[in-house]
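S.K.: 3D model of this:
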Amino acid sequence: MKYIFTTLLVSFIGLVGFGQKQLPTEISIQQAKDSLAITTADAVEEQNELFSKIDTVIVDGKHQRIIQDSSLYALKDYSEAVKVDQLLLEEFLHSGLYDTIYKDISNLNYEYIDYVDLPTDTLKARLAKLDQKTPFNVAYNESLESVIKMFLKNKREFLTRVMARSKFYFPLFEQMMDRYDIPLEIKYLAVIESALNPKAKSRVGATGLWQFMFTTGKAYGLDVSSYVDQRSDPVKSTEAAAKYLARLYKIFGDWDLALAAYNSGPGNVNKAIRRSGGYTNYWNLRSYLPRETAGYVPAFLATMYIMEYAEEHGFEDFASTEAGYYFETDTVQVKQLISFDQISEMLEVEMDVVQFFNPSYKLDIIPFVDDQAYTLRLPVTDIGRFVANEDTIYSRVAQELNKREKALPQLVESSNQIHYRVKNGDYLGKIAEKYGVRVSEIKRWNGLRNNNLSIGQRLKIYSKQPIASTTKKSSRSSAEKEYIVRSGDSLWSISKKFPGVSVKNLQEWNNISGSKLTPGTKLVLCKC
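M.R.: Residues are numbered from 1 along each chain as shown. Predicted coordinates for the structure are as follows:
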């Protein structure tokens, strides 16, 4: 019950006015409590404790805002929200997890693994308990023990990072599985399929969290076009996966076989049944299945076990779910074409955030097409600001598009056409910032369908300021070129203090591979 009021408090604090400027008038704390309409006993008790730390509540136009003293900023839900925020954005930028899990599943050898922290008797007892509450066959065998211990011993970093992503994706998966009467444990399948990366793409073209092939995705209503790939849409692809899995279970009457069929196709599972002499238990069919599928179900069951017993194995962050509610999102249907960089600039939302919540748009552009509903998804507070300022936002977007359409032919003929050769460490945002253009423009000028660049690749760029101003860099004082880490700092919070500096910049300029910072460390703030 505790998290319910925490979420409401965050939402209440987020209602900051940006409309008419009027002198604020005070209202009482009791009025603020009444406006939240909290009625349950547990929530009321927590409400009283939290409001005891609030100085006053004011009204600014129609929007209420809570003024806090410094002690309120130390609340657990706030610090956890920032921590998860950082983890989610970092995980979005790390694409290597999918390749890691795919390679591991394809090359499982089931050798004995010495892992003293998990005795065999303890594992047997836990698997037996897990088997009682799930329709999957989680009975102990030596092969499954080998996979579980290999994951715990060699893949701890992978599991930690996946668990960070799961805070956002698992609540969504569970709602959809419940709607279609699918076992909730199916959510762990997406870890094996894509490492919870909506942009994951296999060597044969399977795409998204649930790794749909083009034809299968189309068959289950997932739109794929030049602008959009709904196989990467978390909501739509999860619904399609639920429908497909329900169909496979109806065919085989067994969830282990349904999973095997999801990976290799119903035909391959049927062949394995025939070759085995008619067996229908997955473990009896395993040697007759393709190599990848043979490791698929053991990897799924191992992931299920570790996720279910995460706290027992030291994954405390995963056991705490309160912070996940910070990422309550909402959608709004767009009324005209709009790019991610325009959304980022006008709402003052990090580009990484827009990309994270809208992975199905291939060119970082949300198109507008008659009879099609294309939506923008963002945290609820950002969507609220978008809706409240819709007319202004669309007006500015239209003005920008008109200017660009007129300016582009002149730029093509001018001497400001630049041929840029991609260097090691380059990415589209970095190049766009250097030449004062947008990422979406570089993509359009060069026919790029994604953000991937190759070293040595040549790009056409049209800019009225082809070279990033060197005087701006040289005018910086030595103090502005570095930052000393303080207690409570994170890469995310530091990047917010310096416009134009991203988390990725800080990691590259300071040779940081993770997110941990030590107070007193000096960070370089520019590649000067």
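
S.K.: Rounded mean pLDDT for stretch 105-113, please.
M.R.: Regarding stretch 105-113, the rounded mean pLDDT is 76.

S.K.: which of the residues in that stretch are buried?
M.R.: Neighbour counts over stretch 105-113 (16 or more other Cβ atoms under 10 Å) mark 105, 108, 110, 113 as buried. Placement of C-beta: from N, CA and C, glycine included.

S.K.: again with stretch 245-262
M.R.: 245, 248-249, 252, 254-262.

S.K.: ends of it, how far apart?
M.R.: Stretch 245-262 stretches 7 Å from its first residue to its last (Cα to Cα, to the nearest Å).

S.K.: quick one: contacts of it?
M.R.: With Cβ atoms under 8 Å, 6 or more residues apart in numbering as the test, stretch 245-262 has contacts from 135-137, 180-183, 186, 189, 244, 266, 268-269, 272, 280-282, 285, 289, 293, 296-297, 300.

S.K.: Which parts of this protein are strands?
M.R.: 25-27, 54-60, 63-68, 329-333, 338-339, 365-366, 375-379, 417-421, 458-462, 482-484, 522-524 (DSSP state E).

S.K.: Now do the closest residue to K443 other than its chain neighbours: how many residues are near it, please.
M.R.: Excluding the flanking residues, the one nearest K443 by Cβ to Cβ, 6 or more residues apart in numbering is L363, at 5.6 Å. A count of neighbours around L363, defined by other Cβ atoms under 10 Å, yields 19.

S.K.: Need the pLDDT of L363.
M.R.: The model's pLDDT for L363 equals 88.

S.K.: before we move on, what about M163?
M.R.: pLDDT, read off for M163, is 88.

S.K.: surely it meets F315?
M.R.: Yes - M163 is within contact range of F315, at 5.8 Å (criterion: Cβ atoms under 8 Å).

S.K.: Looking at these two, which has the bigger crowd around it?
M.R.: M163 (21 against 16).

S.K.: separation between that one and E239?
M.R.: 24 Å (Cβ to Cβ, to the nearest Å).

S.K.: swap in E328?
M.R.: Counting by Cβ to Cβ - E328 and E239 are separated by 19 Å.

S.K.: What of D371?
M.R.: On the measure of Cβ to Cβ, D371 and E239 end up 20 Å apart.

S.K.: what sits against D223?
M.R.: D223 sits in contact with 229-230, where contact means Cβ under 8 Å, 6+ apart.

S.K.: so how far is F368 from it?
M.R.: Distance from D223 to F368, by Cβ to Cβ: 14 Å.

S.K.: What of S194?
M.R.: For S194, the distance to F368 - Cβ to Cβ - is 29 Å.

S.K.: Between these two, point out the one with more neighbours.
M.R.: Between S194 and F368, counting by other Cβ under 10 Å, S194 is the more crowded of the two (28 against 14).

S.K.: Next up, the contacts around that one.
M.R.: By Cβ under 8 Å, 6+ apart, the neighbours of S194 are 98, 200, 208-211.

S.K.: Leaving out chain neighbours, which residue sits closest to it?
M.R.: A200 (3.9 Å).

S.K.: Test my guess that the one you found contacts W210.
M.R.: No - between A200 and W210 there is no contact under Cβ under 8 Å: 9.7 Å.

S.K.: about what we covered before: return the residues in contact with the residue nearest to K443.
M.R.: Applying Cβ under 8 Å, 6+ apart, the residues near L363 are 226-227, 440, 443-444, 448-450.

S.K.: For the residue lying closest to A398 once chain neighbours are set aside, give its distance to D364.
M.R.: Nearest residue to A398, sequence neighbours excluded (Cβ to Cβ, 6+ apart): Q336, at 7.1 Å. Here Q336 is placed at a distance of 16 Å from D364 (Cβ to Cβ).
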